[in-house]
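1. Turn this into a model:
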Amino acid sequence: TTLDVMKSALSQDKINAIVIDPSAPSTTSLVLKKILSNVQTRKELLAAQFVLLAPGLKSHYPWYSSLFEWFRTDVVTLSPCHHAKVLFSSPLRSGKLRMSIFSAGNVDFYPHLVEFTEICERKFDLETEIPHVLDGQPKKMTCFDPPIVANESSYDTTNAVSQWESQNPLGMQTVSQFVSGIPQGPLSVGERVLGSIDEEIMSGRWFPATVIGTNTDGSFNLKYDNEEVDTGINRHFIRKLVYADNLTVEEAILVLYENEGDEVDYFYFGEVAEKMPNNKYKVYIHGEMNKVGVVKQEDIATLSASSEISCTTLKAMLQKAVASSESTGKDKFEIQSAGDGCIATALWPQGSAVATYDGGEKIDLNLFTFEEDKQTHEKFVEAFLEMTPSFGRTLQNQQPRGSGRVVNFKYEIEMSPKTR
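-> As a prediction, the model looks like this:
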């Protein structure tokens with residue numbers, strides 16, 4: 001048996017490395033899980049520090065990805081344990097190679113990972129990328145002696161008024177995040193949908209409902225399955241209810257899940273972790289729940305597909321936005337590739353902007369202008385999105401920028417009684 005083979009491979013030492021052959025059948029995962037599900041068997045076979053490696057093509061379906069996650073969530077649950085994905089590419093060849101890594105017991109995992117990628121880049125002339133590293137649960141910390149004990153002298157004792165008067169605002173910054181797959185398009189009366197209970201576009205709780213009316217301002221009226229009625233709901237907070245079929249590992253989904261304390265069951269954003277027998281799936285549920293669960297396929301709804309854009313398009317989006325700000329024409333634009341995405345920058349007399357695209361579903365926009373005008377910033381963002389209607393804004397922060405611990409806009413300082 002496979003267990004006998006693994007035991008015969010041992011001499012005095014335990015297994016400290018397992019390499020997965022990419023051509024091996026996916027049933028290999030079931031065999032390993034069956035063997036290592038027994039805690040005593042794991043203690044006999046696996047060293048305190050061991051690693052799993054699985055090479056393959058990026059385009060190839062990585063059946064071993066769920067196996068590595070099982071090691072992280074069920075076998076070695078506490079840090080240090082890490083599940084990393086490393087991508088390799090060469091300017092001489094098309095496509096990318098993928099290396100999945102699971103490491104257990106290595107407190108120096110991150111320095112070793114950096115060293116590994118640097119050797120690959122230097123010795124084999126490869127470009128490396130690490131899309132993500134998933135860690136285990138942190139160990140409970142015991143009481144310890146702190147390296148620094150703060151006292152009154154550790155803090156700035158300048159009185160609050162003097163600190164406030166030292167600020168020198170120079171302009172306004174707006175940081176926005178946009179995500180592809182924002183709900184859009186027409187809805188019909190009688191159509192089955194999901195409504196956002198928390199008015200969050202890419203997070204929060206969603207509840208099944210039926211469209212019962214439309215309004216002239218483009219909003220909709222919904223009747224939820226618990227008979228409650230809500231009117232004037234923005235289209236961004238309504239998703240068409242389409243149940244999933246033929247799901248793949250790492251696919252983004254909406255999951256109907258029972259949460260203790262809720263009177264009804266809501267849909268939550270999640271991701272497929274593993275396909276299981278009898279039309280069931282192991283899923284990660286994101287957000288405040290942050291859980292791993294097993295659900296039936298009938299309790300999973302699909303998300304609209306993400307829309308990719310090119311670096312040329314990103315630059316054109318930034319150019320269109322700058323033109324909307326009534327620039328004087330002395331503008332400078334730069335575009336540079338970064339991993340699967342790109343970074344576009346713009347400089348003009350009235351301000352600057354940096355747009356970053358991750359190559360998938362997210363765009364970040366960092367806008368600064370010397371003029372403190374919220375309408376100008378909003379107009380800039382609207383013009384930026386005109387070429388990509390499938391992207392919608394999910395986050396936005398506005399703050400003053402300047403010197404002297406600036407926390408107020410110039411108009412707020414001017415309105416202060418002390419400065420009148």
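
2. Please give me every residue in contact with the residue nearest to Glu386 when sequence neighbours are not counted.
-> Nearest residue to Glu386, sequence neighbours excluded (C-beta to C-beta, 6 or more residues apart in numbering): Lys320, at 6.4 Å. The C-beta positions use only the backbone N, C-alpha and C, and glycine is treated the same way. With contact taken as C-beta atoms under 8 Å, 6 or more residues apart in numbering, Lys320 is in contact with Ala383, Phe384, Glu386, Met387.

3. Give me the subset of the residues you listed lying in strands.
-> Taking DSSP state E, every one of those sits outside strands.

4. So which of these wins on neighbours?
-> Phe384 (26 neighbours; other C-beta atoms under 10 Å).

5. With adjacent residues omitted, what lies nearest to that one?
-> Leaving aside its sequence neighbours, Phe384 sits nearest to Ala321 (C-beta to C-beta, 6+ apart; 3.9 Å).

6. hang on, the one you found in a helix?
-> Yes - judged by DSSP: H, G, I helix; E, B strand; the rest coil, Ala321 forms part of a helix.

7. Quick one: the strands in the stretch 1-150 of the chain, in order.
-> 15-19, 46-57, 81-90, 93-104, 127-135 (DSSP state E, counting those that start in this stretch).

8. got JSON lines for those strands, with mean pLDDT and mean neighbour count too?
-> Converted to JSON lines, the strands of the stretch 1-150 of the chain look like this (pLDDT from 0 to 100; neighbours: other C-beta atoms under 10 Å):
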{"stretch": "strand 15-19", "mean pLDDT": "88", "mean neighbour count": "13"}
{"stretch": "strand 46-57", "mean pLDDT": "86", "mean neighbour count": "17"}
{"stretch": "strand 81-90", "mean pLDDT": "88", "mean neighbour count": "19"}
{"stretch": "strand 93-104", "mean pLDDT": "84", "mean neighbour count": "18"}
{"stretch": "strand 127-135", "mean pLDDT": "86", "mean neighbour count": "14"}
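
9. any chance of these in a markdown table, plus distance to Val161?
-> Listed next are the strands of the stretch 1-150 of the chain as a markdown table, based on distance: least, C-beta to C-beta, whole Å:
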| stretch | distance to Val161 |
| --- | --- |
| strand 15-19 | 63 |
| strand 46-57 | 57 |
| strand 81-90 | 49 |
| strand 93-104 | 53 |
| strand 127-135 | 45 |
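
10. Figure out which of the ones you listed is closest to Gln398.
-> strand 127-135 (29.8 Å; C-beta to C-beta).
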